[in-house]
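Asks: With the sequence up front, the predicted model follows.
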Amino acid sequence: MAKRILYASSEVYPLIKTGGLADVSGSLPRALQSAGHEVRVVMPAYGDVIGKLKQAYPVGRFDAGGTEVELIETMLPGSDVLTWLVGNKEAFGRSGNPYMSGDGNPWPDNAERFHLFDRAVAELAQGRAGPSWKPDLVHCNDWQTGLVPALLSLESNRPATVFTIHNLAYQGLFDYDTFQKLDLPNVFWHHETLEYYGQMSFLKGGIVYADQLTTVSPGYAEEIQTAEFGCGVDGLLANRSESLTGIVNGIDTSEWNPARDQHLVQTYSKLNLERKLVNKTELCKDFGLPVDTGMPLIGMVGRLVSQKGIDLVLDILDRIVAIPAQMVILGSGESKFENRLREKVKNHSDRISIYIGYDEALAHRIEAGADMFLMPSRFEPCGLNQMYSLRYGTIPIVHAVGGLADTVVTATPENIQSGQATGIAFYEPDADELYAAIRHAVALYKNQAIWKQMQLTAMRQDFSWAGSAAEYSKLYYKAMDDAVMEVG
C-alpha cells in the first residue's frame, strides 16, 4: 500500500553534493516513487542550489521555532519527485560547502542552522507549513536531521519516523551553552536522550527517538554495535538492535552505466568488454602516464583522509610501482596526505599521477579505464565506488569491513572455481596486508581467462535501487506500526 513519505536530507544530488549521502538522497526517493509511494524531498535552500534551479516557486512562509522560513517548491532534476527547499538567507543563503567555511572548519552556527531546518521539517511533518499535505512517515538522514524525530516525539498524532545512519563518525556535537541557546526542552538534556558526555548530540536525537533505525549495509549495522566501530554509542545501538536494520545502498544504474556513460571515450558492456581497453589508454594519456596496456592500472577516488586508508597506500606506493603497476588517484583531503602524494609523483612520474580535487566526469573515466580499484578504508558504512567498479568490470580491492564486505566476493580458489569471485579483500587495516592483496590481484590479472570471468561476474551484479527500495518499504510499514503502538 502506497504511503506519503517526507524524505529529509542536508544534501541531495544533483542539487548539492559533498559525499555519498547526496547520492543516496537523490536516488532512493526516485526509487520509492517508482515503487508507488508519494514522496516529497526536503532540504535546506543553500545559495548555490537556488542559483542553479531553472524553475522554483515560493509556496509559503511559516514559523519554525520562532524564526520565519520560506518554503520553495521545485522538482528534483531528472525526476518527477517534488522537492521542498527550506529558505532562510541568514542560515542557508551562503555559498560553498554546506557544512564548512572556506578555511576548512565547520560553520560556527551549524547547530542553529540545522536546528532551524529540523524545526521546519517537523512543521511540514505535522501539516502546519502551508501545503495541505501531511506525510505518513518522515525519513531522516544523519546528524543534520537528528532533531526531527526528537521534536516529533513531543507531538500528538505525529507521523512515523525512520532515521538512517550513513556515517556514525559524524555526530553533530555541540556544547551545553548551544543547547540552551536553541531553547530545546529540558527533557532532551539527559544521558538517555540528547546529552552525550557533557555535550549535545544531534545524532542521538535520531537514534533515541526514531521508530526504526537503519544503516547503509548489514555489516555496518553489526559493526556499530561494537566498541571498535560504535563511536561511543555502541551500547545505545545494541539496546535498540531490534529496531536497527542494515540495507545496502543502491546505485544510480542509469548514471553509472558503461554502455551509455557519456563521460567515457568508449562505451562498452559485457558483450564487448574488449572496448574497455580504449578507456584505459585514454586515461593514461589524461593523467600523463606512458601507455602500457599490459601493465595493470590501479585507480582510486575518494577523500584523502585516514578513514579511507590513504596512509596505507602511501606507505607501499614505492612497492606498488615496482610490481610493476601504474596508479591514478583523484581526491582531496588532509594537506599532509596531498603533499606526500605530490612527493611520490615526483619520484615516480611514469607510474603515478594524481588530480587533487574532484571531477565527476574524471571519476567516471577512472572507473572505466582502471583495471583495479582501491578501497582500503578503515571503516566503510556502505561505499559506492566498489559498486560502480563492479558495474564497470573494474576489479575492486577492498578492506573487508561494512558495506565493502557485503558487496564484494573475494577471490579465494573456491570462489574463483565456482564463478562467484568479484574482487579481492584483505582483513586487517595494515599496509603489508594491502600490498599482499594488490599482489594477489596482479597475479590474477596475468591470467586473462580468470580475470575476464571475474569481470563478467562483477558486471552481472545488481545494485539498482529497486531491491533496496523494497526493503525500505517493508521497514516503513514496521515503523508506522511502532508509531501506532506508541500512541496507543
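Replies: Yes, it's here.
Asks: Quick one: the strands in the stretch 351-488 of the chain, in order.
Replies: Assignment of strands within the stretch 351-488 of the chain using DSSP state E, counting those that start in this stretch yields the ranges 352-356, 372-375, 395-399, 424-426.
Asks: Mean neighbour count, distance to His139 and mean pLDDT for those strands - can I get that in a markdown table?
Replies: In this view, the C-beta of every residue, glycine as well, is placed from N, C-alpha and C. What follows is those, written out as a markdown table (neighbours: other Cβ atoms under 10 Å; distance: least, Cβ to Cβ, whole Å; pLDDT from 0 to 100):
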| stretch | mean neighbour count | distance to His139 | mean pLDDT |
| --- | --- | --- | --- |
| strand 352-356 | 19 | 35 | 97 |
| strand 372-375 | 26 | 27 | 98 |
| strand 395-399 | 27 | 28 | 98 |
| strand 424-426 | 22 | 31 | 98 |
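Asks: need those strands in a markdown table with distance to Met387, can you?
Replies: Conversion of the strands of the stretch 351-488 of the chain to a markdown table gives the following (distance: least, Cβ to Cβ, whole Å):
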| stretch | distance to Met387 |
| --- | --- |
| strand 352-356 | 22 |
| strand 372-375 | 10 |
| strand 395-399 | 9 |
| strand 424-426 | 15 |
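Asks: Can you give me every residue that contacts Val305?
Replies: Under the criterion of Cβ atoms under 8 Å, 6 or more residues apart in numbering, the neighbours of Val305 are 333-334, 337.
Asks: Can you tell me which of those residues comes closest to His166?
Replies: Within these, distances to His166 taken as Cβ to Cβ reach their minimum at Gly333, with 18.2 Å.
Asks: Tell me how many other residues surround the closest one.
Replies: 17 (other Cβ atoms under 10 Å).
Asks: just the contacts of Val305 now: which is nearest Thr293?
Replies: Using Cβ to Cβ, Phe337 is the member of the contacts of Val305 that lies nearest Thr293, at 29.8 Å.
Asks: these two touch, right, that closest one and Gly309?
Replies: No: here Phe337 lies out of contact with Gly309, judged by Cβ atoms under 8 Å, at a distance of 10.6 Å.
Asks: Mind checking which of these two has more residues around it?
Replies: Applying other Cβ under 10 Å to Phe337 and Gly309 shows that Gly309 carries more neighbours, namely 24 against 21.
Asks: those strands in the stretch 201-350 of the chain, which residues are they?
Replies: According to DSSP E, counting those that start in this stretch, the strands that the stretch 201-350 of the chain contains are 212-215, 244-246, 297-301, 326-331.
Asks: quick one, which of the ones you listed is nearest to Gly393?
Replies: Using Cβ to Cβ as the measure, strand 297-301 is the one of the strands of the stretch 201-350 of the chain that comes nearest Gly393, at 12.5 Å.
Asks: Can you tell me which of the strands of the stretch 351-488 of the chain is nearest to Ala129?
Replies: Judged by Cβ to Cβ, the one of those that comes nearest to Ala129 is strand 372-375, at 41.1 Å.
Asks: Which elements pack onto the closest one?
Replies: Counting contacts by 3 or more Cβ pairs under 8 Å, 6 or more residues apart in numbering; DSSP states H and E, strand 372-375 is packed against strand 297-301, helix 385-391, strand 395-399, helix 431-445.
Asks: so the third one versus strand 297-301, what angle?
Replies: For strand 395-399 and strand 297-301, the angle between their directions (axes from the mean of the first three to the mean of the last three Cα atoms, to 10 degrees) works out to 60 degrees.
Asks: before we move on, back to that, would you format the helices and strands packed on strand 372-375 as CSV with distance to Ser201 included?
Replies: Written out in CSV, the entries for these read as follows (distance: least, Cβ to Cβ, whole Å):
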stretch, distance to Ser201
strand 297-301, 31
helix 385-391, 29
strand 395-399, 28
helix 431-445, 33
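Asks: so which helix or strand takes in Leu28?
Replies: Using DSSP states H and E, Leu28 sits within helix 20-34.
Asks: need the next SSE after that helix, C-terminal direction.
Replies: Following the chain from helix 20-34 toward its C-terminal end, the next helix or strand by DSSP H and E is strand 38-44.
Asks: mind listing what that following strand pairs with, with the direction of each?
Replies: Partner strands for strand 38-44, per DSSP bridges, with pairing direction: strand 4-8 (parallel), strand 82-87 (parallel).
Asks: if we compare those strands, which one ends up closest to Lys134?
Replies: Counting by Cβ to Cβ, and looking across all of the strands paired with strand 38-44, nearest comes strand 4-8 at 7.1 Å.
Asks: Next, the angle from that closest one to helix 20-34.
Replies: Relative orientation of strand 4-8 with respect to helix 20-34: 170 degrees, computed using the same axes, to 10 degrees.
Asks: and strand 4-8, C-alpha only, in CSV?
Replies: Written as CSV, here are the backbone C-alpha positions of strand 4-8 (Å, rounded to 0.1, in the frame of the first residue of the first chain):
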residue,chain,number,x,y,z
ARG,A,4,3.2,9.5,1.8
ILE,A,5,6.9,9.8,2.6
LEU,A,6,8.7,13.0,3.6
TYR,A,7,12.4,12.5,2.9
ALA,A,8,14.7,14.9,4.8
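Asks: Give the buried residues for it.
Replies: The neighbour-count check on strand 4-8 (16 or more other Cβ atoms under 10 Å) flags 5-8 as buried.
Asks: swap in stretch 74-87?
Replies: Within stretch 74-87, the residues that qualify as buried are 74, 76, 79, 81-87, counting by 16+ other Cβ under 10 Å.
Asks: what's the answer for stretch 151-161, then?
Replies: Neighbour-count burial for stretch 151-161 flags 151-153, 158-161 (criterion: 16+ other Cβ under 10 Å).
Asks: now those residues in JSON lines, with pLDDT?
Replies: JSON lines is the format used below for these (pLDDT from 0 to 100):
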{"residue": "Leu151", "pLDDT": "98"}
{"residue": "Leu152", "pLDDT": "98"}
{"residue": "Ser153", "pLDDT": "97"}
{"residue": "Arg158", "pLDDT": "96"}
{"residue": "Pro159", "pLDDT": "97"}
{"residue": "Ala160", "pLDDT": "97"}
{"residue": "Thr161", "pLDDT": "98"}
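Asks: Sitting in strands, which of those do you find?
Replies: Among the buried residues of stretch 151-161, the members found in strands (DSSP state E) are 160-161.
Asks: returning to what we had before: go through the buried residues of stretch 74-87 and name the one nearest Lys276.
Replies: Using Cβ to Cβ, the shortest approach to Lys276 within the buried residues of stretch 74-87 belongs to Ser79, at 29.9 Å.
Asks: isn't the closest one right next to Leu32, touching?
Replies: No: the pair formed by Ser79 and Leu32 falls short of the contact definition of Cβ under 8 Å, at 11.1 Å.
Asks: which other helices and strands contact the helix holding Leu28?
Replies: For helix 20-34, the packing partners by 3+ Cβ pairs under 8 Å, 6+ apart come out as strand 4-8, strand 38-44, strand 137-141, helix 465-487.
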